[in-house]
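Engineer: task: produce atomic coordinates for the following.
(one chain, ligands or ions: 1)
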Amino acid sequence: MTIKTDHLFSLFLLSISFILPVNSFAHAILVKSEPAKDSILNTAPQKIDVWFNDKVGSEFKALAVIDSNGKRLDNKDVQQETFDESHLYATVQPLAAGTYTVRYRVVSVDTHIVTGKFQFTVKAP
Ligand SMILES: [Cu+2]
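Structural biologist: Have a look, this model is predicted:
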């Protein structure tokens, strides 16, 4: 009985060892942004910054700011911070009051493409 249970347990450990490294090995996750997710701002931002939990690839990176009508208002100038490869930023055109969606796409160190979005709102003056 004990032997059988131990055997099952080692099989369990073995299967976990195949699953865990995939998730723990540098799959990029957005950890911070400016403006913050769902924030309400008195002043329109001129720049959008996003930070991931690990460095991301320099290729295929994308950052877009879209208004509620679907119009793109970033300057299509996404940059990666030289000394912090987990940090991307882009400048934006003057934003009127309204809610904006930020969309991002990056390549993780584990080669997985990660996409996501969040919103922020600029208050009417
Ligand atoms: Cu991954």
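
Engineer: residues contacting residue 42?
Structural biologist: Residues in contact with residue 42 (Cβ atoms under 8 Å, 6 or more residues apart in numbering) are residue 123. No exception for glycine: its C-beta is placed from N, CA and C like everyone else's.

Engineer: what helix or strand is residue 120 located in?
Structural biologist: strand 113-122 (DSSP states H and E).

Engineer: pLDDT on that strand, on average?
Structural biologist: Averaging pLDDT along strand 113-122 yields 97.

Engineer: and that strand, what does it pack onto?
Structural biologist: Counting contacts by 3 or more Cβ pairs under 8 Å, 6 or more residues apart in numbering; DSSP states H and E, strand 113-122 is packed against strand 30-34, strand 40-41, strand 98-107.

Engineer: who's the residue sitting nearest the centre point of the chain bridged to?
Structural biologist: Centroid-nearest residue in the chain, with Cα atoms, centre = their mean: residue 30, separated by 3.3 Å. Per DSSP bridges, the residues bridged to residue 30 are residue 52.
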